[in-house]
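> Give me coordinates for this.
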Amino acid sequence: MESEFRNATLKTIADYPNSMEAYVFNIYVIPICLAISNLAVLAGVFTEALDRLALYNSVLETMQIPIVSSRDCLMLNVILQVIGDLWTPIIEILMGVERFTAVWFPAFFRAFFAPHPKRLIGLTVILTFIILAIPSAITIISPTPDVKYQCGRKAALSDTFGLIDYSFNVIGYSSAFILNVLAAIRASFVRQSAKTMSKIRSYTIISFLSTLLISTPNLVSTLDALDIHIPNDIRRPTVVMTGLNSAVLFFVYLIFNVQYRLRFFEIATLMCPRKLRVHYVSSDAGAKTVMPTRGNSTSTRIFTTTATTIR
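From the prediction side, this is the model:
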């Protein structure tokens, strides 16, 4: 019995780093994908700025405006921005639904959300791909001639898609914010763990900033797509606000998520986790105590159990 207990305990401790990494990844897979989608937005904004700079310089040098079709405008910066426009609000809606069900319908959450975060993210990827693939295929097969030479999303994928894109951003981010607010209200009346409250706060702040910095500008773009005149002074800051929303995600987690903050400072200060060492001792009372430590860390995690006879 003693040898079996010792072998089982040592195997558990040996597997601890890998199992812990998998556990942490499952918890944060949705925010990780949100960060990737925001990275796509920023990459799209930067590549669009470079393309526009080269385009305007060419127009100034030649004094000619190029004639382009929608197929010519289906460029990398447009695709990246559309991916961000679609995938980001879908993920934030998923975050809102996840927190809402976790607080209001915990049994449903444990049965359908908690065990399958990767599958849910996979569904968001598939949905984004389908929504992007349909207008892209139409543009490639039957391009629209003589569109705006700046080659924005409406020029590449049609005015109708532009209206759908803008409206989806307004509805998506606003819905995510409402769901997170409802979850936060419910959580204030029901006892929740510190980790749950930290996640609710983070998600609520993220959805609020997205509503403020993206939904509002996209509402302006929606009105513009409906031929309602909007002054240029109001439309001009929209790209900056979109980039700001994508860049602020890191600071939200750094401020409101303790585990994220500790992990960040651990990496930033090059305090990489060291190899796990296990000290196996027997107490005078016959109990088995295992104390794993990392490097020279003074903190230990103690697992204690008492040997019993199986009859």
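> In the chain, which helix is the longest?
helix 16-62 (DSSP state H).
> which secondary structure elements does the helix or strand hosting residue 178 contact?
Using DSSP states H and E, residue 178 maps to helix 159-189. Helices and strands touching helix 159-189, by 3 or more Cβ pairs under 8 Å, 6 or more residues apart in numbering; DSSP states H and E, are helix 76-104, helix 153-157, helix 194-210, helix 216-225. The way it works is simple: take the backbone N, C-alpha and C, and place the C-beta from them, glycine included.
> relative to helix 194-210, how tilted is it?
150 degrees (axes from the mean of the first three to the mean of the last three Cα atoms, to 10 degrees).
> I'd like the average pLDDT over helix 159-189.
For helix 159-189, mean pLDDT rounds to 91.
> likewise stretch 228-245?
Stretch 228-245 comes out at a mean pLDDT of 73.
> Tally up the residues packed near the spatially closest residue to residue 186 that is not a sequence neighbour, please.
Distances taken as Cβ to Cβ, 6 or more residues apart in numbering place residue 103 nearest to residue 186, at 4.5 Å, with adjacent residues excluded. Counted with other Cβ atoms under 10 Å, residues neighbouring residue 103 total 21.
> Residue 111 now?
Residues near residue 111, counting by other Cβ under 10 Å: 12.
> That one: what's it in contact with?
Shown in contact with residue 111 (Cβ atoms under 8 Å, 6 or more residues apart in numbering): no residues.
> all strands for the stretch 201-311 of the chain, in order.
276-282, 287-294, 303-306 (DSSP state E, counting those that start in this stretch).
> rank those strands by mean pLDDT and give me the bottom one.
In terms of average pLDDT, strand 303-306 trails the rest of the strands of the stretch 201-311 of the chain, at a mean of 38.
> How about the secondary structure of residue 150?
coil (DSSP: H, G, I helix; E, B strand; the rest coil).
> wait, it sits on residue 53?
No - applying Cβ atoms under 8 Å, one finds residue 150 not in contact with residue 53, separated by 11.7 Å.
> what about these two, which has more around it?
A count of neighbours by other Cβ under 10 Å puts residue 150 above the other of residue 150 and residue 53, at 14 against 10.
> Once you drop chain neighbours, what's closest to the more buried one?
Nearest non-adjacent residue to residue 150 (Cβ to Cβ, 6+ apart): residue 52, at 6.7 Å.
> Lovely, talk soon.
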